[in-house]
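S.K.: My questions concern the predicted model and sequence given below.
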Amino acid sequence: MTGDSEKHSYLRQVDKSPAPYFYIKTSLEYEGRGLETDSLQLKHVIMQSMTEVFGQVGASDTVDVLKLSASGEALLRVPSRSFVKLWGALTLFGKYNGLPCVFRVQQVSSSLMSLSCNSRTWDIPAMS
Amino acid sequence: MAAFADLHVASTDQQVLQDVFQTAIKLGFDWLAVNTFLTDLKGKGKKGQQQNQICQPEPVELTDQTRQLLKVEGRKVRQISRLTALLDDTTNTHKLVSPEVQAFDLLAVQPTNEAAFKLACCTLEVDIIVLNMTEKLSFYIKRPLVNLAIERGMHFEILYSPAVRDSTFRQNTISNALQLTSVCKGKNVIVSSGCEKAIELRGPYDLSNLGLLFGLSSPQSKNAVSKNCRAVLKHAEARKMMKSVVGVVKSSQLSPGDQWILDSKRPLSALPQTTQEIEQPPAKKGKT
């Protein structure tokens, strides 16, 4: 490599093993109201939804709330073996403390990087 | 890929429906069917008894906010009317061919016992068979009957919104869905909401994951919200044409989107102006 290209060189990593974790970007919405969750409560709600559908054995895998932004979007990390279970549990969750609520899943991915942008909600500036 | 469809939105008052439609469009559904539920197929009773009235389908007016959504995304949303009839016994099924029932785009039946299920699978001209999955089924779903229904192009529906509402319903829905998908091997299954409120709706990608819990494979569960729904609509279209391969439409009734078919059939000399433009450059003369 010449000195010039060395300045811009980057490390390319290809990992062909199965993904250890899956990441879910989601937000919890209550009916007719905004969201008022802190990360502790959110974690509690998620664990409750898992135990409701799959019981204690099914909910034994840890779900991490990596980030909870002010807009209510949460980033979850889950081992890939229980990814389908978690997503299914979030889908079937409909009530918390008697209040109707819903998890709207925006994006799922096996790599955290690809959650940085979402082509489905991409707004073409010329069209709006 | 076929567009996403939700073929069962319960018919409630207009305002709730508008709310449901807005949420559904935001979530990415392109085909939405509003369902009218008929608890009894009985026609005119003996003198004095009132007749079961079937109200005709009404389109849902979209709110300005919803239209704004469509403008930005450049999508086309289609509304479909649908009728579901409860099938308690095997009598009165002749009502299904009456003009007021045929006015609906989609026809579905919900058999409650084995005889009705057999009738629906073997003879009835309907598009969808719904089973009440919130309770334990009172009969076994038999493979020969299901295979026959699949051969006739009918689809089986799984409703997920009761599963969101209540935990007992959820348990029954999952067990019945597993039973159904093991019998029909995941073929000809559609997943739709049956929702009464917007909060019970789930996105199409959520549903294609939920299908995995219902015992479908991942392509099957994706088809359950897209391709199979399209097949249901085509089946309904074909049902209205009776037995035929080719349909005939009057040229005056052709939709504006299909006008090009007429133009392509005319001789070139009959086409206005544009032919001259084509003939002007010498290189293209041989081609025309």
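M.R.: Arrived safely, thanks for sending. Residues are numbered from 1 along each chain as shown, chains lettered A, B, ... in the order given.

S.K.: pLDDT score for the closest residue to chain B within chain A?
M.R.: Closest to chain B within chain A is residue A:94: 3.7 Å, counting by CB to the nearest CB. The way it works is simple: take the backbone N, C-alpha and C, and place the C-beta from them, glycine included. What the model reports for residue A:94 is a pLDDT of 85.

S.K.: measure it to residue B:208 for me?
M.R.: 19 Å (CB to CB, to the nearest Å).

S.K.: what's the answer for residue A:81, then?
M.R.: 19 Å.

S.K.: Excluding residues flanking it in the chain, which one is nearest the spatially most central residue of chain A?
M.R.: Geometric centre of chain A, nearest residue: residue A:24, 1.8 Å, by CA atoms, centre = their mean. Closest residue to residue A:24 apart from its sequence neighbours, by CB to CB, 6 or more residues apart in numbering or on different chains: residue A:76 at 4.4 Å.

S.K.: Show residues contacting the strand or helix carrying the one you found.
M.R.: Assigned by DSSP states H and E, residue A:76 falls within strand A:73-79. Contacts of strand A:73-79 with the rest of the structure, by CB atoms under 8 Å, 6 or more residues apart in numbering or on different chains, involve A:20-28, A:39, A:42, A:46, A:61-68, A:86, A:106, A:112, A:115.

S.K.: Residue A:85 against residue A:54, yeah?
M.R.: Yes - in this structure residue A:85 lies within contact range of residue A:54 using CB atoms under 8 Å: 5.7 Å.

S.K.: List the contacts of residue B:143.
M.R.: residue B:183.

S.K.: swap in residue B:230?
M.R.: B:2-3, B:5, B:31.

S.K.: Surely the residue nearest to the centre of chain A and residue A:104 touch.
M.R.: No - Residue A:24 lies out of contact with residue A:104 (CB under 8 Å); the separation is 11.1 Å.

S.K.: Let me know the secondary structure of residue A:65.
M.R.: strand (DSSP: H, G, I helix; E, B strand; the rest coil).

S.K.: That one touches residue A:39, doesn't it?
M.R.: Yes - if you go by CB under 8 Å, residue A:65 and residue A:39 touch, sitting 5.1 Å apart.

S.K.: out of these two, which sits in the busier spot?
M.R.: Taking other CB atoms under 10 Å in any protein chain shown, residue A:65 and residue A:39 do not tie; residue A:65 has more neighbours (16 against 12).

S.K.: Not counting sequence-adjacent ones, nearest residue to residue B:122?
M.R.: Going by CB to CB, 6+ apart, residue B:122 has residue B:148 as its nearest residue, at 6.0 Å.

S.K.: What strand or helix carries the residue nearest to residue B:37 when sequence neighbours are not counted?
M.R.: In space, and not counting its chain neighbours, residue B:37 is closest to residue B:84: 5.3 Å by CB to CB, 6+ apart. In this structure, residue B:84 sits in strand B:78-87 according to DSSP H and E.

S.K.: name the helices or strands packed onto that strand?
M.R.: Packing partners of strand B:78-87 (3 or more CB pairs under 8 Å, 6 or more residues apart in numbering or on different chains; DSSP states H and E): strand B:5-10, strand B:31-38, strand B:106-111, helix B:114-122.

S.K.: How far off centre is that strand?
M.R.: Computed by CA atoms, centre = their mean, to the nearest Å, the chain-centroid distance of strand B:78-87 equals 8 Å.

S.K.: go on, stretch B:71-80?
M.R.: 17 Å.

S.K.: what's the average pLDDT for that stretch?
M.R.: 76.

S.K.: For chain A, which residues are neighbours of chain B?
M.R.: A:29, A:31, A:52-53, A:84, A:87-88, A:90-95, A:100-102, A:104-105, A:108, A:120, A:123, A:127-128 (CB under 8 Å from any CB of the partner chain).

S.K.: run the last query once more with 10 Å
M.R.: A:26, A:29-32, A:52-54, A:83-95, A:99-108, A:120-121, A:123-124, A:127-128 (CB under 10 Å from any CB of the partner chain).

S.K.: Counting neighbours, which of these end up buried?
M.R.: Buried by 16 or more other CB atoms under 10 Å in any protein chain shown: A:26, A:29, A:52-54, A:83-95, A:100-108, out of the residues of chain A next to chain B.

S.K.: How are the helices of the stretch 151-288 of chain B distributed by residue range?
M.R.: Here the stretch 151-288 of chain B has its helices, by DSSP state H, counting those that start in this stretch, at B:161-165, B:167-184, B:204-213, B:218-223, B:227-240, B:259-265, B:274-279, B:282-285.

S.K.: Throw the ones you listed into JSON lines and include mean pLDDT, thanks.
M.R.: Shown next, in JSON lines, are those (pLDDT from 0 to 100):
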{"stretch": "helix B:161-165", "mean pLDDT": "88"}
{"stretch": "helix B:167-184", "mean pLDDT": "90"}
{"stretch": "helix B:204-213", "mean pLDDT": "90"}
{"stretch": "helix B:218-223", "mean pLDDT": "90"}
{"stretch": "helix B:227-240", "mean pLDDT": "86"}
{"stretch": "helix B:259-265", "mean pLDDT": "73"}
{"stretch": "helix B:274-279", "mean pLDDT": "49"}
{"stretch": "helix B:282-285", "mean pLDDT": "48"}
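
S.K.: from chain B, which residue is nearest to chain A?
M.R.: Closest point on chain B to chain A, by CB to the nearest CB, is residue B:164, at 3.7 Å.

S.K.: Show the backbone phi and psi for the closest residue to that residue other than its chain neighbours.
M.R.: Counting by CB to CB, 6+ apart, residue B:164 lies nearest to residue A:94, which is 3.7 Å off, once chain neighbours are set aside. Per-residue torsions, residue A:94: phi -130, psi -10 (degrees, to the nearest 10).

S.K.: same question, residue A:16
M.R.: Torsion angles, degrees, to the nearest 10, at residue A:16: phi -100, psi 0.

S.K.: which residues sit against stretch B:161-175?
M.R.: Outside of stretch B:161-175, the residues within contact range by CB atoms under 10 Å, 6 or more residues apart in numbering or on different chains are A:52-53, A:88, A:91-95, A:100, A:102, B:8-10, B:132-137, B:158-160, B:177, B:192-197, B:199-202, B:210, B:213-215.
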